[in-house]
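Undergrad: Quick one: sequence plus predicted model below, questions after.
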Amino acid sequence: MTELIRLRPIVQADLQWMERIYDDPVEASEFGFFGWANAGHIRKRYEGGFISEDGGKLAVVRGADTFVGDVGWHRAVTGPHSFSWNIGIGLLAKERGKGYGTRAQRLLVEYLFSHTQVNRVEAGTEVTNLAEQRSLEKAGFTREGVLRGSCFRAGEWRDMVSYSIVRSDVDLGLGGAG
């Protein structure tokens, strides 16, 4: 991968591509399609804002500003007074396999550790999604184990692989503070 990958806030022009990533079975891939959603749900969420204290979404762009997908995060409660961020990614089919997902997920981790006080970022993927497992590992995540029967998709319960990265795993360039 030689092209610059960066994250930015989602703009209205991105919505058509996001709808394809999540609502088109072919574009979403076998690991990203969870059935048809409420028509217009992405546009409604855009109107309310994609970033809140409980989570958010950012666009993944390459080069000058070509949309290739999005990354998202939401709270995963881990104790009475603590939580982790759980992250996910969706890339356009033509942009997969180029290393963009690895870079985007690492940028999201750095963003979350730089702008929130959370200590842990976690991600999960189906046990058969070997490409995403490699991507998470290249992005610095540690494989933690298998969560049996934890994801329902395409009419059956599927096992997931759990990954995490903690603040002390990441050098944020803050003079030893990260």
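TA: Sure, I can see it. None of the values given here were measured: they were computed from a predicted structure. Numbers count the residues shown, from 1 in each chain.
Undergrad: residues making contact with the lowest-mean-pLDDT helix or strand in the chain?
TA: The helix or strand of the chain with the lowest confidence, counting by mean pLDDT, DSSP states H and E, is helix 25-28 at a mean of 72. Helix 25-28 is contacted from outside by 20, 21, 22, 33, 90, 92, 93, using CB atoms under 8 Å, 6 or more residues apart in numbering. Where you see a C-beta, it was placed from the backbone N, CA and C, and this is true even at glycine.
Undergrad: What of stretch 126-133?
TA: By CB under 8 Å, 6+ apart, stretch 126-133 touches 31, 89, 96-97, 101, 125, 143, 146, 151, 153, 158-161, 163.
Undergrad: what's the most distant pair in those?
TA: Farthest pair in the contacts of stretch 126-133 (CB to CB) is 97 and 146. Separation: 24.5 Å.
Undergrad: related to what we said a few turns ago, report the two of the contacts of helix 25-28 separated the most.
TA: 33 and 92 (13.7 Å).
Undergrad: what's the longest helix seen in the chain packed up against?
TA: In the chain, with assignment by DSSP state H, the single longest helix is helix 100-115. Of the remaining helices and strands, those touching helix 100-115 by 3 or more CB pairs under 8 Å, 6 or more residues apart in numbering; DSSP states H and E are strand 5-8, strand 55-62, strand 66-79, strand 82-91, strand 120-126, helix 130-138.
Undergrad: how many degrees apart are the second one and helix 100-115 in direction?
TA: Right, the one you point to is strand 55-62. Counting by axes from the mean of the first three to the mean of the last three CA atoms, to 10 degrees, strand 55-62 lies at 130 degrees to helix 100-115.
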